[in-house]
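**Student:** Next input, structure requested:
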Amino acid sequence: MVRIFHTRVARAVCPLVAILLFLVAACSPSQAQTGLTGRLSLARLPGVAVAISPIDPAAADDGLTADIVKKQVVAALDGAKIKQISSDALLKTAQRPQLFIDVGLLPLPSDEYIYSIQISVRQRVASLGQPGRTVETALPMTAITWSTSNVFGITPKENIAADTRATIAELLEHFTESFIRANPK
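**Tutor:** Below you'll find the model as predicted:
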């Protein structure tokens, strides 16, 4: 009788614990600002390279892959006339700016996903603690200089592709607006 109770409790509690652990792991302290300070870090960038976090392979069956997300990001950058930097060219730029799209997914037994999405710009920076040094002469250091907040949601498996793409589109709009404001023509 006690064993049956524990089994039922475990079945009910395990998904809740998994959800809480996912949310705690996905939450990170604010690493950059999307306001004036963050926007200034985008000034004079020649463009950005696009990097997509690995996406749970199980989501491919539900229509969501890193390739699909990358095509969406590329289309948004093209539409905003923001140059994409190739991997080879990235190594030749002083700032090495990367637009990083992080999509975290947690499949639930209820045929739903919990998702977390964040967009950030990572680039090479120089430490102010090294007087007289420039980005080129400082020790290589990469930092997140602009980011959106994490956006969380729960969606049925059949909607995961549409819901994450809609969220990514909103976050990309924030990025493209900030980039264009920082780099007026």
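**Student:** going forward, measure contacts between C-alpha atoms and count neighbours the same way
**Tutor:** Fine.
**Student:** Paired strands for the longest strand seen in the chain, with orientation please.
**Tutor:** Longest strand in the chain by number of residues (criterion: DSSP state E): strand 112-124. When sheet partners are counted by DSSP bridges, strand 112-124 sits next to strand 98-108 (antiparallel), strand 142-147 (antiparallel), strand 151-156 (antiparallel).
**Student:** Using PDB, write down the CA coordinates of it.
**Tutor:** What follows is strand 112-124, C-alpha atoms only, in PDB (Å, rounded to 0.1, in the frame of the first residue of the first chain):
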ATOM      1  CA  GLU A 112       3.300  19.700 -24.700                       C
ATOM      2  CA  TYR A 113       6.600  21.600 -24.600                       C
ATOM      3  CA  ILE A 114       7.900  24.200 -22.200                       C
ATOM      4  CA  TYR A 115      10.100  26.600 -24.200                       C
ATOM      5  CA  SER A 116      12.600  29.300 -23.300                       C
ATOM      6  CA  ILE A 117      14.000  31.700 -26.000                       C
ATOM      7  CA  GLN A 118      16.600  34.400 -25.700                       C
ATOM      8  CA  ILE A 119      18.500  36.400 -28.200                       C
ATOM      9  CA  SER A 120      21.900  37.900 -27.400                       C
ATOM     10  CA  VAL A 121      24.900  39.500 -29.100                       C
ATOM     11  CA  ARG A 122      28.300  38.200 -28.100                       C
ATOM     12  CA  GLN A 123      31.400  40.100 -29.100                       C
ATOM     13  CA  ARG A 124      35.000  40.500 -28.400                       C
END
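**Student:** one step back: out of the strands paired with strand 112-124, which gets nearest to L40?
**Tutor:** With C-alpha to C-alpha, the closest approach to L40 among the strands paired with strand 112-124 belongs to strand 142-147: 9.1 Å.
**Student:** Good, wrapping up.
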